[in-house]
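**Q** Here you go, sequence then predicted model.
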Amino acid sequence: MSLVKKPEMTEKKVAANARNRMLARGPVTAEGKARIGAAQLRHGFYAKSQEHALRSLGEDPADYEELLQGLFGEFKPVGALQKELVRRMARVLWLMDRADRSQEGHALRRAKSADHGRDNRLHARMMRLKMTADSLRLLVQAVAREHYVTTPADLEKMKNLHQDGVMNEMGEIALALFYQLQAPGTGEDGLDPYEAARRMVAQAKEIFGIGLTPDYPPPANGTAADSSQPPEDAQEDGTAEEDEQYPYISAAEWEARERPRHLLENILKRQVDVCEAERKALLKESLAGPSPYEFAAEIAPSHAEALLMRRTQDANMREVRRLTNLLLKIQRQEHKMQGLEASDEDLVSHDVRENKDS
């Protein structure tokens, strides 16, 4: 049983409610409706300062007007409370749209930056592959000579390529073959002992100004042939120069070195083809542009405010739900009260008619 006593409806109260309802129906004429609409537009966002703020943010106040009028037309608020709830709902929905535009603008900025950076990365990789292919071609030309001996420059170039990870596992094999094709007795510096000794003597001559001392003598196990006379088994394709430079390498040793030399040459040629194929694939990828999945990965929100923006969106959505539920609840309650009042009026009218008849 309710402790609140229900007010009794008298004829005087019923008549007063009827008069009040007539006064609360709002404007009827076109002028009155236009006046009320203009009054609504002067509220909230449509104050002068707020309108200036909207335009400063790149937003059109007419869009907010359309949103507000749409909500007023949908919910048809009656009274100050319902109208204020509709305005608050319009404001929250507008803020949600602004947050969406902010996220899309940030994603667009990231996409442009990522696309520019992607092009730079692809061009840098293509240039790197081209430089690597050119270096490998020079090595192929050097190794293609029949009596090839690894030079310090070739060894250093191969070490740099291997350190850069260009050839991956094949780099280990190629580097091992370069070491194998060094002159007998050569150390890690890529110079055979006799070449190192000759350089040391040359440096000493330059320092002390000695220019008449003969070059460092050839090794004891080497042939003492005159350097101006080519060996008898020298070929006309340039192998005589190698034979004269390394006279202590026998013909059998030269023959044994041919197999690793051919293997090294084939490996280097294969790597040149791999670099060219990869460069062409990168060029094709650069012209085609990023895929939708790549774009989605590049514009994924990772900035510091991304989580805050998401939480703000969730809070705005909850606010819209609360305002909508509250507005609908108030309207249902008013409709219920109006139904009760109408029922009471019908009862009173029925009693009045019966009294008159009696």
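**A** That came through fine.
**Q** Residue 83 and residue 20, how far apart?
**A** Residue 83 is 18 Å from residue 20, where distance means C-beta to C-beta, to the nearest Å. C-beta coordinates here come from the backbone N, C-alpha and C atoms, glycine included.
**Q** quick one: which of these two has more around it?
**A** residue 83 (16 against 9; other C-beta atoms under 10 Å).
**Q** tell me the SS of that one?
**A** Using DSSP: H, G, I helix; E, B strand; the rest coil, the three-state assignment for residue 83 comes out as helix.
**Q** pretty sure it is touching residue 76, no?
**A** No: the criterion here is C-beta atoms under 8 Å, and residue 83 misses it with residue 76 at 10.2 Å.
**Q** Just name the shakiest helix or strand of this structure by mean pLDDT.
**A** Using mean pLDDT, DSSP states H and E, helix 239-245 stands out as the lowest-scoring helix or strand of the chain, at a mean of 58.
**Q** what residue ranges in the protein score low on pLDDT?
**A** Along the chain, segments meeting pLDDT under 70 span 1-7, 24-28, 33-49, 186-245, 293, 295, 297-299, 301-304, 341-358.
**Q** Kindly recompute the last result at 50.
**A** 1-2, 40-47, 212-236 (pLDDT under 50).
**Q** all strands for this structure, in order.
**A** Applying DSSP state E to the chain gives no strands.
**Q** mind listing the helices for it?
**A** Assigned helices in the chain, in chain order: 11-23, 30-41, 48-56, 61-75, 79-143, 152-163, 169-180, 193-208, 239-245, 251-288, 292-298, 306-357 (criterion: DSSP state H).
**Q** Just the angle for the fourth one relative to helix 48-56, thanks.
**A** Yep, that's helix 61-75 we're talking about. Interaxial angle of helix 61-75 relative to helix 48-56 (axes from the mean of the first three to the mean of the last three C-alpha atoms, to 10 degrees): 110 degrees.
**Q** Who are the packing partners of helix 61-75?
**A** On a contact count with 3 or more C-beta pairs under 8 Å, 6 or more residues apart in numbering; DSSP states H and E, helix 61-75 meets helix 30-41, helix 48-56, helix 79-143.
**Q** pull the CA atoms of it into PDB?
**A** C-alpha atoms of helix 61-75 as PDB (Å, rounded to 0.1, in the frame of the first residue of the first chain):
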ATOM      1  CA  PRO A  61      27.200  25.200 -38.100                       C
ATOM      2  CA  ALA A  62      24.500  24.400 -40.600                       C
ATOM      3  CA  ASP A  63      25.300  20.700 -40.200                       C
ATOM      4  CA  TYR A  64      24.700  21.000 -36.500                       C
ATOM      5  CA  GLU A  65      21.400  22.800 -37.100                       C
ATOM      6  CA  GLU A  66      20.300  19.900 -39.300                       C
ATOM      7  CA  LEU A  67      21.200  17.400 -36.600                       C
ATOM      8  CA  LEU A  68      19.400  19.400 -33.900                       C
ATOM      9  CA  GLN A  69      16.300  19.800 -36.000                       C
ATOM     10  CA  GLY A  70      16.300  16.200 -36.900                       C
ATOM     11  CA  LEU A  71      16.300  15.200 -33.200                       C
ATOM     12  CA  PHE A  72      13.600  17.700 -32.300                       C
ATOM     13  CA  GLY A  73      11.500  16.300 -35.100                       C
ATOM     14  CA  GLU A  74      12.100  12.700 -34.000                       C
ATOM     15  CA  PHE A  75      11.500  13.000 -30.300                       C
END
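**Q** how about that helix: buried residues?
**A** Neighbour-count burial for helix 61-75 flags 61, 64, 65, 67, 68, 71, 72, 75 (criterion: 16 or more other C-beta atoms under 10 Å).
**Q** Same check on the third one?
**A** Using 16+ other C-beta under 10 Å as the test for burial, helix 48-56 gives 51, 54.
**Q** Also stretch 117-128?
**A** Neighbour-count burial for stretch 117-128, with 16+ other C-beta under 10 Å as criterion, is recorded at 118, 126.
**Q** next one: stretch 126-140
**A** Buried residues in stretch 126-140, counting neighbours by 16+ other C-beta under 10 Å, are found at 126, 129, 132, 133, 135, 136, 139, 140.
**Q** again, but for stretch 162-176
**A** Within stretch 162-176, the residues that qualify as buried are 162, 166, 167, 171, 174, 175, counting by 16+ other C-beta under 10 Å.
**Q** likewise stretch 93-102?
**A** So stretch 93-102, judged by 16+ other C-beta under 10 Å, has buried residues 93, 94, 95, 96.
**Q** wait, what's in contact with the closest residue to the last one other than its chain neighbours?
**A** In space, residue 96 comes closest to residue 316 once its chain neighbours are excluded; the distance is 4.7 Å by C-beta to C-beta, 6 or more residues apart in numbering. The contact partners of residue 316, taken as C-beta atoms under 8 Å, 6 or more residues apart in numbering, are 92, 93, 95, 96, 99.
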